[in-house]
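Student: sequence plus predicted model, see below.
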Amino acid sequence: MADSGVDDAQRRARFEALAGEVLEPLRRYLARRAGAAVADDAISDALLVLWRRLDDVPAPPEALPWAYGVARGCLANAERSARRQRLLAARVAVVDPPPQVTALHGEEGDDADRRDPGAVRVALAQLRPASAEVLRLWAWEELAPAQIAVVLGVTPNAVSIRLHRAKKELAEQLRKDGSGAGQVGAGGETR
């Protein structure tokens, strides 16, 4: 029985170290993609998955990309849930529309990217979701293609191809929007 206490203490210590390493990067990752409420729910779910699958988490430095993959899945689940709630609210509103139903149709932060006047954010919002995501992982999270591959569950070669295409799509979108030359530099900035 004493062994179990030692194992539990070691497991807890390992989780606390992991959480300390990934919490802030995951919080930033999720905040850039969702409103505050959705991001908070997704971070909670991601930490729960990390605790449950602690034995599956790779050693650093691969732990963070693995955690991004978990957070990405948790965010997708949260977005599906929010979408179902909005659809249900819309159905209820048709039957018996209360005055505050209009507040339920939009979620805090849904329009954050569209309200941002930055040309890159506007252009990103117009890209295919897969292209925008690979660019965000590369530019915002500063992940290498091999790390992005872990997040997306694909090969590093596939990521390199997707990243190349996504950069071209972004540059083209910036040109269409009239945002200067629309060239994407190595750090993700436009020139």
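Tutor: Okay, I see it.

Student: how deep is Thr155 tucked in, by neighbour count?
Tutor: As a burial measure, Thr155 scores 12 neighbours (other C-beta atoms under 10 Å). C-beta here means a position set from N, CA and C on the backbone, and glycine is covered the same way.

Student: any idea how far Ile161 is from it?
Tutor: 9 Å (C-beta to C-beta, to the nearest Å).

Student: ditto for Ala71
Tutor: From Ala71 to Ile161 the distance is 24 Å (C-beta to C-beta).

Student: more neighbours: which of the two?
Tutor: When Ala71 and Ile161 are compared for neighbours, Ala71 comes out ahead with 26 against 14, by other C-beta under 10 Å.

Student: touching, the more buried one and Ala42? I think so.
Tutor: Yes. Taking contacts as C-beta atoms under 8 Å, Ala71 lies within contact range of Ala42: 6.3 Å.

Student: which residues do the two both contact?
Tutor: Leu30 (C-beta atoms under 8 Å, 6 or more residues apart in numbering).

Student: okay, buried residues for the helix or strand hosting Arg11 please.
Tutor: Following DSSP states H and E, one finds Arg11 within helix 2-33. For helix 2-33, the neighbour count (16 or more other C-beta atoms under 10 Å) marks 18, 22, 25-27, 29-31, 33 as buried.

Student: show me what that helix is packed against.
Tutor: Applying 3 or more C-beta pairs under 8 Å, 6 or more residues apart in numbering; DSSP states H and E, one finds that helix 2-33 contacts helix 36-52, helix 63-95.
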